[in-house]
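[1] With the input below, show me the fold.
(4 chains)
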Amino acid sequence: MHVIESGNVAAATGVKLARTQVIAAYPITPQTPLTEKLSEFVEGGELPAEYIPVESEHSAMAVCIASSTAGARSFTATSANGLLYMNEQLHWAAGSRLPIVMCVANRGVGAPWTVWNDHQDTISQRDLGWIQLYCADHQQIHDTVIKAFKLAETVSIPVMVCYDGYLLSHTYMPFEQPDQEQVDAFLPPFAPEHFLNPEAPRNFNTVTLPDVRPDIHGNTAPGYMEIRKALHSDLRGAIGEIEKIDGEFGEIFGRGGEPFVEPYRCDDADYVAFCMGSLSYQIRDVVDAMREEGTKIGVMGLKVYRPFPDVAVRDALAKCKGVIVLEKALSYGNQGALFADVKSALFSAETRPFVHNYIVGLGGREIKTEHLYDALTESINNEAAIGDEPQWVGLKM
Amino acid sequence: MSKEEFCNMISISEPGPGDGGNTGSWRVLRPVLDTTKCIPAKTGKPSCFNCWLYCPDGVVTKTIPPTIDYTYCKGCGICAEECPSGAITMVDEASFTKEEK
Amino acid sequence: MDNAKKTTILNLTDDELVNPGNRACSGCGLGIVYRTALKALGKDTVLAVPPSCLTVLQGLYPVAATKLPCVNVTFASTAAAATGVRAAMRATGRDHLNVVAFAGDGGTGDIGIQALSGACERGEDIIYICYDNEAYMNTGVQRSGTTPKGVMTTTTPIKGKLQHKKDVPSIIAAHGIDYVATASAAYPLDLYDKVKKAAAMKGGTRYIHVHTPCPPGWGFDTRYTIKVGKMSVATGLFDLYEIEKGKFSLTGESAKRLGKERTPIAEYFKTQRRFKGLTQEIIDEMQAIIDDKWAAYTA
Amino acid sequence: MRQDIIEIRWHGRGGQGAITAAKIVANAAFKAGYKGVVMAPTFGTERRGAPVFTSLKISREKIYDLSPIATPDMVVVLDHTLLEEVDVTSGLKEGGEIILNTPKPIDAYDFGNHKLAVADVTACATEAGLAPGIVNTGIIGAFEKATGLVGRELLGEAIRKEFAAMKPEENAQAASLSFDRTVIGGA
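    Predicted structure coming up:
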């Protein structure tokens, strides 16, 4: 069924179709309409879930951590400072390997206060041990939420589904909404091996020593470092799982097929613009215009940021002459985080394209298509002159 | 390639005694019960059991006479202090032989 | 509390849900509180515990000292975590289980009060037990909001704490929850009955604040844990009471003190090294506060 | 950059329902075969009574650019009092169209090179049985009369669906009355 709704509602209907059991959330712009919609689903009886209107984001994630440990499929959503207020909880959720799914309607981070879109909130949370997925339109938001539960529960790692605040969260566009039966065929009920259960009492997330230690059966139990290494290994392993789940999703729903990067006119491209979120779609219009002028350029949207699909990125980019990384965030005092990751992925390639870094749209600064055209043109024409220093697009002072 | 098994390696503990080791080794003073003074022991009837009630470590049994698990007793002396008949005395641990320990 | 229902040592269950050989300090008041509370809760219980002495008592991975399922959570989130456990219990058809948050005084009245206030306001179906040892003991005796005035701690090392103890149970009671009670490690049977009662009052938020003497933190010999706890009640400093559906009543040893003479507070202060810096002025001030409080009880 | 996208800007006041009006047109347009439909309200804080605008882009192909409309092909004004506060013609393309709810006759206005269509939507809505001040369905009738972009039937259907629980027939009737009474001027 095709519906025209906001990105937040596209997310909410995905959460509903996933038969989520516990939802906890605290209002923050621009995520709020998503959780309003979920509370409407729950109160109206459309979704038989527990909805906990908590007193803070920190508590929202606490509820999810506990309910997931207790064996219930759990969801929350937030933005910006709300995400950052959860920070220690996010580490906790990853370290305890809980398959929580969280939507983040991306928003710039204060100070100064801003409610508008950029990616600084989630990019600053890249090292948690969470999986981070980015969406470019409402169909991707809706599908990614459903896929995220399957992914999280397969690899026992929480998943963040990120989409641009306002640009996607508040914009209405059509998307295909599947039937409940299709989703049920794709996503089985959550059935963890261990959960809070008096019949098999276990103590979760106890203090863990630096060294290994025997358990009560005489087997060696890991120390902190082994547990952390396992999280990393499984995150790397999740790359394969993302591809597999994308395939399974495609078989049932007929959508997908580009799990890591979504290329547009990249096959013969000398130059590739590389970015995340709705920006990758906006650049398509610029690519079309530049192609008409004879420039062999394409654009690629990265859908998985953590774990970083370095092999896919290298394979996709190594053969072109130049890569222009456009980002709505910055690792302050250095470069764009995505830029650094792309360069790192390309380091082992036999031939390496030049890589430039453009910072765009911070705090909702309007990204004009003409500005993107100018930036891409400048990058291509000034390969040598532009170094590693981030270039700023759309500055007015 | 997709990974077949995702090892769910987390900190998840199973109940067992002696997480802190044989905490009886912490003891400096050992509670020793004089069954001639202990009320349940003397009367042969269930009564008192203050030593059992107040023990922070649950190492005293609610039996006639009460027994103390010296493997885990930390020697705090609460039982001796709360015994209404003065049946428990705290004795220097050093005065016991290896076998007695 | 109804006399007929009072538990005695003889009929108190000898089932133990806490294993010996745990890492609690010798003479730990929490050891008594925890053992007793878990007896009252029984095995159909799920716990949520923040960092505290209890985390250590409960065991280091991979050995647990408790025979109950437990989720350890971040410091500020105990009541929210208990909320999440309860939500999952409803969602998975296991709503008959007790869901219990068990936290220290700092984890309750300081860093955890936002989550606790939220849970109380929502009327979450949980039991929250705060064991109050009147400072951050697990990190080495730093002052907390519930440290009494004048007490020497590692962060009030010279002058002692300048402010009075935060009255956490009254703050919680102001939320209008079904049941608020205080108890003491020195009166385990009273504690047992209150936890039992709280467990039976399923449906809303129930809060029990337990005064819990700490030999190393308070500076007394390990054998005096019960004596010190009882003395605090005998002076009228820490009172045993219940607020049931808004109705306040003194219970147990505190109820027995009504209209009778109380031990002078100075006697209590002499039993612990943490009070060694108290001036006569503070002692008199504390005595006056207690006298006024008790005058109000009798009025 | 793309020439195939029709850009419509909706001017109203916070709470007046400009978003709902644009959403109804978006739904009907999609049914009418426009694959690309993007409706975006003002990003940020919306305050009741304050002037707001909503962007609606429609195209036969999928739309990738979500940035706000800068050079609309047409503007829809839900309330003629807004003309004093907002330059509704800002960025309006040469020969672009203004659809205006006003009790005044068309010759009371001069928008230079822009086309104008007027209807007393407020009166039509009241006549259709809606509470005073409900203009967001009526204006759709005027929009369709002036542009012919979507089709009366589909719009009526979309209105009934959106207001299924709240006077669906009256809302559809308001649009119908406004359609019939819209006066279109020349450029």
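[2] Let me know the helix or strand that B:Asp57 is in.
    Using DSSP states H and E, B:Asp57 is not contained in any helix or strand.
[3] my guess is it contacts C:Ala24, does it?
    Yes: B:Asp57 lies in contact with C:Ala24 (Cβ atoms under 8 Å); the separation is 7.1 Å. C-beta: built from backbone N, CA, C; applies to glycine.
[4] Make sure A:Thr206 is actually in contact with C:Leu57.
    No: counting by Cβ under 8 Å, A:Thr206 stays clear of C:Leu57, with 11.0 Å between them.
[5] can you pull out the strands in chain B?
    Ranges of strands in chain B, per DSSP state E, are B:12-15, B:29-33, B:88-92.
[6] which one of those strands lies closest to C:Tyr297?
    strand B:88-92 (37.0 Å; Cβ to Cβ).
[7] buried set for the closest one?
    Neighbour-count burial for strand B:88-92 flags B:88, B:90 (criterion: 16 or more other Cβ atoms under 10 Å in any protein chain shown).
[8] Is the residue nearest to B:Phe96 when sequence neighbours are not counted bridged to anything, and to what?
    Nearest residue to B:Phe96 in three dimensions, chain neighbours excluded: B:Arg30, at 6.6 Å (Cβ to Cβ, 6 or more residues apart in numbering or on different chains). Following DSSP bridges, B:Arg30 is listed with bridge partners B:Val91.
[9] And the pLDDT for B:Arg30?
    Reported pLDDT at B:Arg30 in the predicted model: 97.
[10] phi, psi of the residue in chain C that chain B sits nearest to?
    As assessed by Cβ to the nearest Cβ, chain B sits closest to C:Gly31 within chain C, at 2.7 Å. Taking degrees, to the nearest 10, you get phi -50, psi -40 for the backbone angles of C:Gly31.
[11] Tally up the residues packed near the nearest residue in space to it that is not next to it in sequence, please.
    On the basis of Cβ to Cβ, 6+ apart, the spatially nearest residue to C:Gly31 that is not a chain neighbour turns out to be B:Pro56, at 2.7 Å. Neighbour count for B:Pro56, taken as other Cβ atoms under 10 Å in any protein chain shown: 30.
[12] Then the one 10 residues further on?
    Residue crowding around B:Pro66 was assessed by other Cβ under 10 Å; the count is 23.
[13] That one reaches B:Leu33, doesn't it?
    Yes: the pair B:Pro66 / B:Leu33 is scored as a contact, 6.5 Å apart, by Cβ under 8 Å.
[14] Any chance you could list residues touching both of those two?
    B:41, B:51 (Cβ atoms under 8 Å, 6 or more residues apart in numbering or on different chains).
[15] ok, A:Pro178 to chain D distance?
    18 Å (Cβ to the nearest Cβ, to the nearest Å).
[16] Run through the residues that contact that residue.
    Counting by Cβ under 8 Å, 6+ apart, A:Pro178 touches A:17, A:146, A:253.
[17] and if you look at C:His175?
    By Cβ under 8 Å, 6+ apart, C:His175 lies in contact with C:117, C:120-121, C:205.
[18] In the stretch 151-299 of chain C, what residue lies closest to chain A?
    For the stretch 151-299 of chain C, Cβ to the nearest Cβ, closest residue to chain A: C:His175, 12.0 Å.
[19] returning to what we had before: what's near enough to touch the residue nearest to B:Phe96?
    B:Arg30 makes contacts with B:70, B:73, B:75, B:90-93, B:96, as judged by Cβ under 8 Å, 6+ apart.
[20] A:Ala200 too?
    So A:Ala200 contacts A:194, C:69 (Cβ under 8 Å, 6+ apart).
[21] and if you look at D:Val183?
    D:Val183 is in contact with D:105-106, D:117-119, counting by Cβ under 8 Å, 6+ apart.
[22] count of residues packed around residue 2?
    Unless you meant another one, I'm taking chain A. Using other Cβ under 10 Å, A:His2 has 10 other residues around it.
[23] hmm, I had chain D in mind actually
    By other Cβ under 10 Å, the residues close to D:Arg2 number 16.
[24] What pLDDT does the model give it?
    Confidence at D:Arg2, expressed as pLDDT, is 80.
[25] Same question for C:Met1.
    At C:Met1, pLDDT is 48.
[26] Close to chain B: what parts of the stretch 51-200 of chain C are there?
    Residues of the stretch 51-200 of chain C found near chain B (Cβ under 8 Å from any Cβ of the partner chain) are C:59-67, C:188-189.
[27] A:Gln177: how many residues sit nearby?
    A:Gln177: 20 surrounding residues under other Cβ under 10 Å.
[28] Quick check, it in contact with A:His142.
    Yes: between A:Gln177 and A:His142 there is a contact under Cβ under 8 Å: 6.6 Å.
[29] Excluding chain neighbours, what is closest to A:Ile216?
    In space, and not counting its chain neighbours, A:Ile216 is closest to B:Gly16: 3.7 Å by Cβ to Cβ, 6+ apart.
[30] what's the distance between the one you found and B:Asp69?
    With distances taken as Cβ to Cβ, to the nearest Å, B:Gly16 is found 15 Å from B:Asp69.
[31] where's D:Ala172, which helix or strand?
    According to DSSP H and E, D:Ala172 maps onto helix D:168-181.
[32] Return the set of buried residues in that helix.
    Buried, per 16+ other Cβ under 10 Å, within helix D:168-181: D:168, D:170-179, D:181.
[33] any idea how far C:Thr205 is from the residue nearest the centre of chain B?
    Central residue of chain B (Cα atoms, centre = their mean): B:Val59, 2.4 Å from the mean position. Distance, B:Val59 to C:Thr205, by Cβ to Cβ: 35 Å.
[34] Which one's more surrounded, B:Asp57 and C:Ala24?
    Neighbour comparison, B:Asp57 and C:Ala24: the larger count goes to B:Asp57, with 29 against 24 (by other Cβ under 10 Å).
[35] contacting residues around that one?
    Applying Cβ under 8 Å, 6+ apart, the residues near B:Asp57 are B:23, B:72-74, B:76, C:20-22, C:24, C:31.
[36] mind running it again at 6 Å?
    Residues counted as contacts of B:Asp57 (Cβ atoms under 6 Å, 6 or more residues apart in numbering or on different chains) are B:74, C:20, C:31.
[37] And for C:Asp132?
    By Cβ under 6 Å, 6+ apart, the residues touching C:Asp132 are C:105, C:146, C:209, C:211-212.
[38] ok so, going back, roughly how far does the residue of the stretch 151-299 of chain C closest to chain A sit from D:Phe143?
    In this view, C:His175 and D:Phe143 are 53 Å apart by Cβ to Cβ.
[39] swap in C:Asn11?
    From C:Asn11 over to D:Phe143 the distance is 81 Å, taken as Cβ to Cβ.
[40] now for the helix or strand in which C:Lys197 is found, which elements pack on it?
    C:Lys197 is part of helix C:188-200 when elements are defined by DSSP H and E. Helices and strands touching helix C:188-200, as assessed by 3 or more Cβ pairs under 6 Å, 6 or more residues apart in numbering or on different chains; DSSP states H and E, comprise helix C:29-41, strand C:179-184.
[41] Quick check: next helix or strand after the longest one?
    By that I understand helix C:29-41. Once helix C:29-41 ends, the next helix or strand along the chain (criterion: DSSP H and E) is strand C:45-49.
[42] near chain B at all, that following strand?
    No: Strand C:45-49 lies out of reach of chain B by Cβ under 6 Å from any Cβ of the partner chain, never closer than 12.2 Å.
[43] who does the following helix or strand past that strand touch, helix- and strand-wise?
    Remark: after strand C:45-49, the chain's next helix or strand is helix C:53-57, criterion DSSP H and E. The contact analysis (3+ Cβ pairs under 6 Å, 6+ apart) places helix C:53-57 against no helix or strand.
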